[in-house]
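Chemist: mind folding the following:
(chains A and B)
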2 protein chains.
Amino acid sequence: MPEADLSEPCRSPPRTIAWIGDSHGFVRIIDQTLLPTRLEYRDCRTVEEIWEAIRMLRVRGAPAIGIAAAMGAVLGMHGFTDRTRGAYWARLQEVVAYLRTSRPTAVNLFWALDRMQRCVQGKTEQLPPEQLTRRLLDEALGIEEEDRRMSRAIGMHGAALIGNGSGVLTHCNAGGLATADYGTALACFFAAAEQGRQFHVWVDETRPLLQGARLTAWELRERGINATLICDSMAAQVMREGKVQAVIVGADRIAANGDTANKIGTYGLAVLAHAHDIPFYVAAPSSTFDLSIPNGDAIPIEQRDPREVTHGFGQQTAPDGIRVYNPAFDVTPARFIDGFVTERGLIQPVTERAIRAALAEFWPVAQQEQAVT
Amino acid sequence: MPEADLSEPCRSPPRTIAWIGDSHGFVRIIDQTLLPTRLEYRDCRTVEEIWEAIRMLRVRGAPAIGIAAAMGAVLGMHGFTDRTRGAYWARLQEVVAYLRTSRPTAVNLFWALDRMQRCVQGKTEQLPPEQLTRRLLDEALGIEEEDRRMSRAIGMHGAALIGNGSGVLTHCNAGGLATADYGTALACFFAAAEQGRQFHVWVDETRPLLQGARLTAWELRERGINATLICDSMAAQVMREGKVQAVIVGADRIAANGDTANKIGTYGLAVLAHAHDIPFYVAAPSSTFDLSIPNGDAIPIEQRDPREVTHGFGQQTAPDGIRVYNPAFDVTPARFIDGFVTERGLIQPVTERAIRAALAEFWPVAQQEQAVT
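Modeler: Down below sits the predicted model:
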């Protein structure tokens, strides 16, 4: 695997995910499981390798998962030349169904795969397989490019929430590593820093997989932003000391009423922010909203391997045979959320009416009613 | 070092701390930094070794630290035979002052060392050094024995708070490993189990040093109590799911008004319990109360090595050069505490009047006014 020099911080971080070559090309990702001590790329040349990379969190973060899945669909159609009636569509259905099983919670995954299907739907009998696959690649690259623009727009809208001299707390990694480019929650910090604002970021380490310690701390350091790492259990104390003026986190899926699924620990953080009168914002693109589900009760919560808790980082930290509960996400009720930072602007106050109005253009009515789970 | 077989759970766990031999003997402790994968004893033969064991958390938990410090004072006077006027007392002052620097927050440390001084105060010119050191040992063994009785009494009073079929959540380790015998918070579970009650314990892993995962999970498994390990960030979710009917934690220091210093994360847990209408109890012996300080503002909070956060699991989990905030404790305001479980019974409601009344016998008025920091 190609390896990069980590001895010097760089101000324009490497690309999280990229398509290399033409429609016979491959996907190059940063293997995020190796950060922060090793920056190593991993080349995925088959749909199975993309599936594994999503499953094992080598690529993670809702928007980046969407892009990876879209590119994975292209890989799944590589070399497919069967012109039998229905064959291309049938194979694409298989590939998409397979990729949908890689992570159960991230709505961007389903959204991106739906887009991939739609871009060739009704055309599979008219165009030769090679052209169809070229269309799929164009669609995947389009999703990536839109994601890039989305990140910049979220950053611009979110930067306004970060006062000069303030402290902001974040959880998990909703940064450039979670998207094609600039992030969602972290995009707000990057944009505020570009505007010359002075502020301080408190970074939850985010057990069990430590995306905050490994990824967010790394990204902020790379961009030269003031940051302090804490354990998740310290957030309440930092709030009590008056050091936090806003919490900004990302999201994996947002229901029509604003209930938000995000990394485990987000819900507790929202309750704590509420108790300390600290505004709590969720930064996410329109594609993370799932208007087909009325509220958070319909969001399935992925349960992950107990070993993430008992054997976190190279050594056993709990006795043999202990039972473990390891939900990957929790759902924060809308009443604890003070606003959504989207690429279309701030949605505030958080009500179903405001959400539907803001997203009417992005999610046409037909889409809103179609269940994507 | 002597090593024990860990392949089989045992129902009467090994002794956390023990004095071996006569007044020329030594202290044998379980090296808790090696649990849960290795049960290894460490023999401390000098006061410096005890200081190091307390500092490095080989022995930890407020009551156990008190016992270790008391025994450490005996070690510090080993072989001291100088009968010059004032020499014994002067040396004891040095030893005590040194031991007081091992951990800054645990009041039991100061309390135990004060007792050690008092037991020979005014007698150092009348008795030969050998007899004085024998008295010190008797006092240390007395503290240990009282601790044993204290644990059993706390367990008896606390068991009543654990309903049949209920879920109870705890943080850090306030178990047998934190005391001479049976624990404080965990004593309630052990006593409830002995009474045949069915219940389930949710164990916070307790970053950064994972005392919950390493020690509490181990103790509960050893005693055959149903337990599930979670990351600290999952407690809110478990509460939201209705699985927790009470939270019981230990304490390192309790001010006259009930404000309680305990392991970092306790404060956030108390706020979350309050938000979910779950009663929050603190189990601690009278010696953990410090009636000389009016409230929690006077409690100094130990800041510990950043590497506990960045290199917690046997490998580096955060980028080089990241700033870290690592307070070992936080202070939970009395208003979030529904009751104190002491060896004298339950103190409820939590008011300064109720606390002073309950502890009047243990802490005479003169003591209450004497600052022990």
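
Chemist: quick check: phi and psi at the residue of chain A positioned farthest from its centre.
Modeler: Here chain A reaches farthest from its C-alpha mean at residue A:84, the gap being 37.5 Å by C-alpha atoms, centre = their mean. Phi and psi for residue A:84, reported as degrees, to the nearest 10, are phi -60, psi 140.

Chemist: wait, doesn't residue A:45 sit right on residue A:26?
Modeler: Yes - Residue A:45 is within contact range of residue A:26, at 4.5 Å (criterion: C-beta atoms under 8 Å). Quick note: C-beta positions are derived from backbone N, CA and C, even for glycine.

Chemist: which one's more surrounded, the two?
Modeler: Neighbours per residue (other C-beta atoms under 10 Å in any protein chain shown) separate residue A:45 from residue A:26, with residue A:26 holding more: 18 against 14.

Chemist: all strands for the stretch 151-300 of chain A, in order.
Modeler: Taking DSSP state E, counting those that start in this stretch as the criterion, the stretch 151-300 of chain A contains strands spanning A:166-170, A:199-204, A:227-230, A:246-249, A:253-255, A:260-263, A:280-283, A:289-290.

Chemist: save those strands as JSON lines, and put in mean neighbour count, distance to residue B:317 and mean pLDDT too.
Modeler: Supplementary listing: those in JSON lines, determined by neighbours: other C-beta atoms under 10 Å in any protein chain shown; distance: least, C-beta to C-beta, whole Å; pLDDT from 0 to 100:
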{"stretch": "strand A:166-170", "mean neighbour count": "23", "distance to residue B:317": "17", "mean pLDDT": "98"}
{"stretch": "strand A:199-204", "mean neighbour count": "24", "distance to residue B:317": "12", "mean pLDDT": "98"}
{"stretch": "strand A:227-230", "mean neighbour count": "24", "distance to residue B:317": "10", "mean pLDDT": "98"}
{"stretch": "strand A:246-249", "mean neighbour count": "26", "distance to residue B:317": "20", "mean pLDDT": "98"}
{"stretch": "strand A:253-255", "mean neighbour count": "29", "distance to residue B:317": "27", "mean pLDDT": "95"}
{"stretch": "strand A:260-263", "mean neighbour count": "29", "distance to residue B:317": "16", "mean pLDDT": "96"}
{"stretch": "strand A:280-283", "mean neighbour count": "26", "distance to residue B:317": "25", "mean pLDDT": "98"}
{"stretch": "strand A:289-290", "mean neighbour count": "26", "distance to residue B:317": "32", "mean pLDDT": "93"}
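
Chemist: and of those strands, who's closest to residue B:109?
Modeler: Smallest distance to residue B:109 across these (C-beta to C-beta): 26.3 Å, for strand A:227-230.

Chemist: just the CA trace of the closest one, in PDB.
Modeler: What follows is strand A:227-230, C-alpha atoms only, in PDB (Å, rounded to 0.1, in the frame of the first residue of the first chain):
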ATOM      1  CA  ALA A 227      -8.100  21.800  19.700                       C
ATOM      2  CA  THR A 228      -8.100  19.900  23.000                       C
ATOM      3  CA  LEU A 229      -8.800  16.200  23.200                       C
ATOM      4  CA  ILE A 230     -11.000  14.900  26.100                       C
END
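
Chemist: which helices and strands does it pack with?
Modeler: Under the contact criterion of 3 or more C-beta pairs under 8 Å, 6 or more residues apart in numbering or on different chains; DSSP states H and E, strand A:227-230 touches strand A:199-204, helix A:217-222, helix B:307-310, strand B:323-324.

Chemist: any chance of those in JSON lines, plus distance to residue B:178?
Modeler: Listed next are the helices and strands packed on strand A:227-230 as JSON lines, based on distance: least, C-beta to C-beta, whole Å:
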{"stretch": "strand A:199-204", "distance to residue B:178": "27"}
{"stretch": "helix A:217-222", "distance to residue B:178": "32"}
{"stretch": "helix B:307-310", "distance to residue B:178": "18"}
{"stretch": "strand B:323-324", "distance to residue B:178": "26"}
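
Chemist: of all those, which one is nearest residue B:68?
Modeler: Between residue B:68 and those, the shortest gap by C-beta to C-beta is with helix B:307-310, which sits at 20.6 Å.

Chemist: quick check, pLDDT for the closest residue to residue A:163 other than its chain neighbours.
Modeler: Take residue A:163 and drop its neighbours on the chain: the residue closest to it by C-beta to C-beta, 6 or more residues apart in numbering or on different chains is residue A:245, 6.1 Å away. Reading off the confidence values, residue A:245 has pLDDT 98.

Chemist: cool, residue A:104 as well?
Modeler: The confidence metric pLDDT takes the value 78 at residue A:104.

Chemist: spit out the contact partners of the residue nearest to it when sequence neighbours are not counted.
Modeler: If the residues on either side of it in the chain are set aside, residue A:104 comes closest to residue A:302, at 4.9 Å by C-beta to C-beta, 6+ apart. By C-beta atoms under 8 Å, 6 or more residues apart in numbering or on different chains, the contact set of residue A:302 is A:103, A:104, A:105, A:327, A:328, A:329.

Chemist: to residue B:40, which of the helices and strands packed on strand A:227-230 lies closest?
Modeler: Residue B:40 lies closest, by C-beta to C-beta, to one member of the helices and strands packed on strand A:227-230: helix B:307-310, at 20.7 Å.

Chemist: below-threshold pLDDT in chain A: ranges please.
Modeler: Counting by pLDDT under 70, chain A contains low-confidence residues at A:1-13, A:364-373.
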